[in-house]
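[1] sequence unknown, structure follows:
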Ligand SMILES: Nc1ncnc2c1ncn2[C@@H]1O[C@H](COP(=O)(O)OP(=O)(O)OP(=O)(O)O)[C@@H](O)[C@H]1O
Ligand SMILES: O=P(O)(O)OC[C@H]1O[C@](O)(CO)[C@@H](O)[C@@H]1O
């Protein structure tokens, strides 16, 4: 095992050291090379605590470790021990080798071992590679290792993490490893098995709780362990096979890049946004990505400015990212301090009608199916309105709501109770849709019992085709349309009849919304001449002139705060939202 050196100076670059010893005779002789040296990690010159090297090939042994780039000088030597007998050892001839502080150079003279008997001597070739690693490199390697991908930095995943207790006991380390790699999150393109189906995280159908289904069953079913006829959590592996249901709310992974959404004038030219000019040039739009976060901080300081109840009613064909967007928006609004809840009609439908509905259930001309879906939609809407009457402020109503008549029904129910804004998600990118559909079949409880993944995909496509036949894009009321936001070529946001503080905030959020996790690097400059003089502001030079190469590596005077956001929905409500 490679060992992690400790850093007491906080997060900094690390030096990755890989040592190799090559000698065909060692294996023949049944000898295992070890490293021991001056540092406790290498046994403090106690040969019984020497670190064994791992056999990588027939004649090659290796040992890798990661040490802080400003490590203490480490003197070390190779020694050989017979396999299975660690009490004997033969230490290499010659002076100690040194890994000098601040240097990545290590001497690579051959290692010579002399035996007392007729074996004479054994000479091994020594190879040493060193590489400066940023915490990101380490994190990426660790993450890659966890996900069974090829780590970018070979061996770096093998750092013992937070292993004070164990390695302290073994190696006498005085301080803990400060770089907690597990806290780093590197953008990950695949949906791991830790993903929970987003709709499962929405409000529990309270109206159904009082209609004969015990809350215990509901609770269990929502956690995924109820009778599958009632409800089941359906996480499946990338190959479509089931993986165990997730216990609690975890992440919704984001998976696609989005370019800068362009504002487009809606066809009917009826935008009314206070203090904002939205046109295709969008020159006046706040371009700074931090603007939303800044506005959010202001909101938090001064509190919500509006009491009006608002319903955001999602509209869109299946697999268009409605639940995904709804969940993001819910989190953002909560973070702003608005009482917000996400009601997912699919959850109601599954609870009331089971998880095994085939595409036929969604046919536009299946009268019973349409009625059943309208019924659960009405139940969800009632729950949402009741909750608003009890003090809730923003309800997010998540279903396809794909026909005008459905939307009329909702508008009627909401009359005098709350304002409705339709949020339509449109996606025309075939590749994105294909991928979304496969993800849905992997994750949706609707396919939890479908063992044939491709059959599930076919059924979902059939369902989608039925929806397409009856789909009526929103043209009524107040609306926001997110069009092709995931296509990679930008996208459009169209808005119609939106006014007021909170709707403005929501639009602002959606404009700035993107789907790719990305690191945020906050860089602090080194000590400037004005700093020395105690002056605030100004734009003076740095105190000493430092070659640009050193500056850019952040070693010397620059302090770089690396923040990596996991742009998922699992973080606490008070964290910086997943937008920037
Ligand atoms: N604006 C978007 N356009 C297209 N795809 C998106 C968008 N936003 C998110 N996605 C992707 O769509 C996938 C499916 O999302 P989601 O489950 O939210 O769809 P949905 O529209 O709610 O589907 P359904 O109506 O079948 O429940 C997600 O994995 C997400 O990566
Ligand atoms: O009744 P609607 O508006 O079609 O929407 C609810 C349905 O949308 C879906 O998300 C479509 O796939 C189903 O899970 C759910 O039953």
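    Here it is on my side, so go on. Model, not experiment: these values are computed from the prediction. Ligands and ions are numbered 1, 2, ... in the order given.
[2] So the helix ranked longest in the chain, near ligand 1 or not?
    The helix spanning the most residues in the chain, taking DSSP state H as the definition, is helix 367-389. No - judged by Cβ under 6 Å from any ligand atom, helix 367-389 and ligand 1 are separated, with a smallest distance of 11.7 Å. Where you see a C-beta, it was placed from the backbone N, CA and C, and this is true even at glycine.
[3] May I see the buried residues of that helix?
    Going by neighbour count (16 or more other Cβ atoms under 10 Å), the buried part of helix 367-389 is 369-370, 372-373, 376-381, 383-385, 387-388.
[4] What's the local residue count around residue 522?
    Counted with other Cβ atoms under 10 Å, the neighbours of residue 522 add up to 9.
[5] Contact residues of the stretch 101-250 of the chain facing ligand 1?
    residue 198.
[6] Which pLDDT value belongs to residue 67?
    Residue 67 is assigned a pLDDT of 69 by the prediction.
[7] cool, the one 5 residues further on as well?
    Residue 72 is assigned a pLDDT of 71 by the prediction.
[8] and the closest residue to residue 109 other than its chain neighbours, what does it touch?
    Here the nearest residue to residue 109 in space, its sequence neighbours aside, is residue 126; by Cβ to Cβ, 6 or more residues apart in numbering that works out to 6.8 Å. Applying Cβ atoms under 8 Å, 6 or more residues apart in numbering, one finds that residue 126 lies in contact with 19, 20, 21, 22, 78, 108, 109, 110, 111.
[9] Ok, residue 53 next?
    The contact partners of residue 53, by Cβ under 8 Å, 6+ apart, come to 19, 21, 32, 33, 34, 35, 61, 62, 63.
[10] now for those residues, which pair is the farthest apart?
    Of all pairs drawn from those, the one with the largest separation by Cβ to Cβ is 19 and 32; the distance is 14.2 Å.
[11] follow-up on the earlier one: next structured bit after the longest helix of the chain?
    On the C-terminal side of helix 367-389, the nearest following helix or strand under DSSP states H and E is strand 394-398.
[12] Say whether ligand 1 is contacted by that following strand.
    No - between strand 394-398 and ligand 1, judged by Cβ under 6 Å from any ligand atom, nothing touches; the nearest distance is 6.6 Å.
[13] Which strands border that strand, and is each parallel or antiparallel?
    According to DSSP bridges, strand 394-398 forms sheet pairs with strand 310-315 (parallel), strand 340-344 (parallel).
[14] what does the protein put close to ligand 2?
    Near ligand 2, the residues belonging to the chain are 318, 345, 346, 349, 373, 377, 399, 400, 401, 402, 406 when assessed by Cβ under 6 Å from any ligand atom.
[15] Now the phi/psi pair for residue 206, please.
    Taking degrees, to the nearest 10, you get phi -70, psi -30 for the backbone angles of residue 206.
[16] That one and residue 383 touch, don't they?
    Yes - the pair formed by residue 206 and residue 383 meets the contact definition of Cβ atoms under 8 Å, at 5.2 Å.
[17] quick one: the residue nearest to residue 109 is in a strand?
    Yes - in this structure, residue 126 lies within a strand as judged by DSSP: H, G, I helix; E, B strand; the rest coil.
[18] From residue 23, how far off is it?
    Summarising the geometry, the distance separating residue 126 from residue 23, computed by Cβ to Cβ, to the nearest Å, is 10 Å.
[19] again, but for residue 481
    The gap separating residue 481 from residue 23 is 69 Å, by Cβ to Cβ.
[20] and if you look at residue 531?
    Relative to residue 23, residue 531 is positioned 56 Å away (Cβ to Cβ).
[21] Please apply the same query to residue 15.
    Residue 15 is 26 Å from residue 23, by Cβ to Cβ.
[22] What parts of the stretch 301-450 of the chain come near ligand 1?
    Along the stretch 301-450 of the chain, the residues adjacent to ligand 1 under the rule Cβ under 6 Å from any ligand atom are 316, 318-325, 346, 400, 425, 427, 432, 436, 439-440.
[23] So for the residue in the chain that ligand 1 sits nearest to, what's the pLDDT?
    Taking Cβ to the nearest ligand atom, ligand 1 has its nearest neighbour within the chain at residue 321, 2.3 Å off. In the predicted model, residue 321 carries a pLDDT score of 94.
[24] Quickly list the domain ranges of the protein.
    Segmentation of the chain into domains, based on the TED database, reads 14-139, 306-512, 539-579.
[25] for those, which one sits closest to residue 524?
    domain 539-579 (4.7 Å).
[26] Could you check which of residue 531 and residue 23 is surrounded by more residues?
    Using other Cβ under 10 Å as the criterion, residue 531 and residue 23 rank with residue 23 on top: 22 against 15.
[27] Tell me who's in contact with residue 22.
    The neighbourhood of residue 22, defined by Cβ under 8 Å, 6+ apart, consists of 59, 60, 61, 124, 125, 126, 127.
[28] possible to save these as TSV with pLDDT?
    Compiled in TSV, the contacts of residue 22 are given as follows (pLDDT from 0 to 100):
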residue	pLDDT
59	89
60	90
61	89
124	93
125	93
126	92
127	88
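[29] Mind checking which of those are buried?
    Among the contacts of residue 22, those that count as buried by neighbour count (16+ other Cβ under 10 Å) are 59, 60, 61, 124, 126.
[30] Tell me the one of those residues nearest residue 50?
    residue 61 (12.7 Å).
[31] Count residues in the vicinity of the residue of the stretch 451-580 of the chain found nearest ligand 2, would you?
    Of all residues in the stretch 451-580 of the chain, residue 463 sits closest to ligand 2, with a separation of 6.3 Å (Cβ to the nearest ligand atom). Using other Cβ under 10 Å, residue 463 is surrounded by 23 other residues.
[32] That one sits in which helix or strand?
    Take DSSP H and E as the rule and residue 463 turns out to sit in helix 453-470.
[33] if we can go back for a sec, can you convert the strands paired with strand 394-398 into TSV and add a column each for mean neighbour count and mean pLDDT?
    Converted to TSV, the strands paired with strand 394-398 look like this (neighbours: other Cβ atoms under 10 Å; pLDDT from 0 to 100):
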stretch	mean neighbour count	mean pLDDT
strand 310-315	25	98
strand 340-344	24	96
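[34] Serialize the ones you listed to CSV and add fields for distance to residue 455.
    Output for the strands paired with strand 394-398, formatted as CSV (distance: least, Cβ to Cβ, whole Å):
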stretch, distance to residue 455
strand 310-315, 28
strand 340-344, 25
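[35] which stretch among those comes nearest residue 540?
    For the strands paired with strand 394-398, proximity to residue 540 was assessed by Cβ to Cβ; strand 340-344 is nearest, at 46.2 Å.
[36] tilt between that closest one and helix 367-389?
    170 degrees (axes from the mean of the first three to the mean of the last three Cα atoms, to 10 degrees).
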